[in-house]
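In: from the sequence below, what's the structure:
(one chain, ligands or ions: 2)
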Amino acid sequence: MSEIEAILFDEKTIERRARELAAAISKDYAGRELVLVCILKGAVVFTADLMRYLSIPTTIEFIQASSYGDAAVSSRMITMKKDIDVDVKGKDVLLVDCIIDTGDTMAYVMERFREKGPASLEAVVLLDKKPRRRVDVAVKYIGYEIPDRFVVGYGLDYAQQYRCLPYIAALTPGAE
Ligand code: IMP
Ligand code: MG
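Out: Ligands and ions are numbered 1, 2, ... in the order given. Modelled structure (predicted):
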């Protein structure tokens with residue numbers, strides 16, 4: 001049975017870091033109009049916070065990527081389950097995810113978006129599980145680097161549970 005083992009980032013800590021990221025993004029994109037692309041479902045809470053902390057005009061779009069196969073093997077396939085239906089050609093696009101793990105999802109989404117011809121394309125993630133990365137993908141804004149632990153809360157799930165927790169916690173080892 002899975003259980004919350006420890007709170008890694010509490011609400012206040014998450015808010016402080018999300019505000020810092022938003023300040024950096026607002027500065028970098030000053031005078032431009034940003035398209036935030038929320039990668040469902042995990043990024044929904046982080047995106048909602050980030051967009052309210054930004055001080056520049058933004059629009060928001062949603063995509064959902066779906067992965068088939070095991071993340072532990074290189075045969076994992078990613079597809080776009082839900083794509084955007086607006087034209088982002090010539091726009092400044094910032095992809096938002098709550099966590100980057102192997103990098104497969106972000107690398108795939110970046111490639112799909114590059115084909116859409118944006119003026120710029122960057123990514124922001126709150127958590128970077130760096131020890132597990134196997135694809136070289138450039139993420140410009142990173143909240144925290146974390147060790148190889150399965151985490152839940154603040155949008156992140158285990159079997160669709162725990163997304164609504166306001167903090168980020170580790171599950172008991174082996175639970176995932
Ligand atoms: P990647 O393709 O391996 O980088 O995995 C990215 C996706 O896997 C994220 O968008 C999350 O949905 C999910 N994921 C990866 N690690 C965790 C975790 O520790 N907890 C919950 N979801 C995770
Ligand atoms: Mg999941």
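
In: strands of this structure, start to end?
Out: Per DSSP state E, the chain carries strands over the ranges 4-9, 34-40, 58-68, 77-82, 92-100, 120-128, 141-145, 151-152, 168-171.

In: pLDDT (mean, whole number) over the first one?
Out: What that stands for is strand 4-9. Mean pLDDT, computed over strand 4-9, is 95.

In: give the contact list for L8.
Out: When contacts are counted by C-beta atoms under 8 Å, 6 or more residues apart in numbering, L8 touches I146, R149, V151, Y167, I168, A169, A170. For the C-beta atoms, the positions are set from N, CA and C on the backbone; glycine is no exception.

In: next: L95.
Out: Counting by C-beta under 8 Å, 6+ apart, L95 makes contact with V37, I39, M106, V109, M110, F113, L121, E122, A123, V124.

In: what's the neighbour count on the second one?
Out: For I39, the tally of surrounding residues (other C-beta atoms under 10 Å) stands at 23.

In: and it, what's its pLDDT?
Out: With respect to pLDDT, I39 has a value of 98.

In: where's the nearest residue to it once chain neighbours are set aside relative to A107, distance?
Out: Of all residues not flanking I39 in the chain, D97 sits nearest, at 4.5 Å (C-beta to C-beta, 6 or more residues apart in numbering). Distance, D97 to A107, using C-beta to C-beta, to the nearest Å: 12 Å.

In: so which bits of the longest helix along the chain are buried?
Out: In terms of residue count, the longest helix belonging to the chain (DSSP state H) is helix 11-28. Using 16 or more other C-beta atoms under 10 Å as the test for burial, helix 11-28 gives I14, R17, A18, L21, A22, I25, D28.

In: all set, thanks.
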